[in-house]
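S.K.: Need coordinates for the below:
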Amino acid sequence: MTNGLALVLPNDRTGVSGTRHEPQNRMRRRPLGAQSHGIGMAVVAKRCRIACRAILSHAKPRRRNPYGESQLTGNSIVMHRYTVAVLLGAGLLYVMSWLGLTGRIPDLIHPFPLILIVPYMLGLMAKVAWIIWLVPMIGPTAFLLWSSHLFRGSQIIPRRSIVLLVALIVLSVIYFISLWSWGITYQGVIFTVFMAAANFCMACSLVYLGFYSKKSPTFIRNYIFHLSIFVWLVWSAFPYMGELP
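M.R.: Residues are numbered from 1 along each chain as shown. Model prediction:
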């Protein structure tokens, strides 16, 4: 053409540098490595963050407690709390044992529980020294041996403890029915009725606590359940009813 105009053919890609196809052609001509370089770095950075989080989350491994649903992290402070709680319970049992045993005659404060009065009388007959301080150790020792799972922070009540509770309730009913008349005759109506009511309340409380702990187990409920059983044993369970030797 004339007047300085160039002829541009339809299939000519090397035309004048101002056409609308020029930016697209330049992007198409960029190397593949340059286009994927930014995407690759982002993927690598993301995977590095995920790996770091996984390492940090497993830096302190946890193990499941086989005696409950709680998670033990191996923290010695937590384990010391369980130990202190159990030892304090044993100390309380010693005080309750000594309180239930010391007294001249059975009364509302010193009911002379059968689990303590029998070894105490045998010790007096054998003239064992310090028998009044040795017999109260029966309750705390039994509690520590029976409830050893509490040292591990167990939340679930063992089946043996449920069997023990049922046996105590059945034996208590038989005991009071068998010795009711003796208790009325020698210890009086107030003592006998009060001890029967106290045993009934302890039994009902333990049954309720046992069902509630099975439904929603925690260490505190498990601990109170076992401590209450042994407090019942060393203080008001099977009180002495009859004539003193």
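
S.K.: which is the next helix or strand following the lowest-mean-pLDDT helix or strand in the chain?
M.R.: Across the helices and strands of the chain, mean pLDDT, DSSP states H and E gives its lowest value to strand 71-72, namely a mean of 45. Per DSSP states H and E, the first helix or strand lying C-terminal to strand 71-72 is helix 76-101.

S.K.: how about residue 150, what does it touch?
M.R.: Listed by Cβ atoms under 8 Å, 6 or more residues apart in numbering, the contact partners of residue 150 are 82, 85-86, 219, 222-223, 226. Just so you know, the C-beta spots here come from the backbone N, C-alpha and C atoms, and that holds for glycine as well.

S.K.: Okay, helices next: where are they in this protein?
M.R.: 22-28, 32-57, 76-101, 114-125, 131-134, 138-146, 159-182, 189-215, 219-235 (DSSP state H).

S.K.: out of those, nearest to residue 242?
M.R.: Of all the helices of the chain, helix 159-182 sits nearest to residue 242, with 4.4 Å by Cβ to Cβ.

S.K.: what comes up buried for stretch 109-122?
M.R.: Using 16 or more other Cβ atoms under 10 Å as the test for burial, stretch 109-122 gives 110-113, 115-117, 120.

S.K.: Break this structure into its domains for me.
M.R.: For the chain, automatic domain parsing gives the domain ranges 22-57, 76-235.

S.K.: how close does residue 174 get to residue 125?
M.R.: Distance of residue 174 to residue 125, computed by Cβ to Cβ, to the nearest Å: 27 Å.

S.K.: no no, residue 192
M.R.: According to Cβ to Cβ, residue 192 stands 27 Å off from residue 125.

S.K.: With residue 141 instead?
M.R.: Taking Cβ to Cβ, one finds residue 141 at 22 Å from residue 125.
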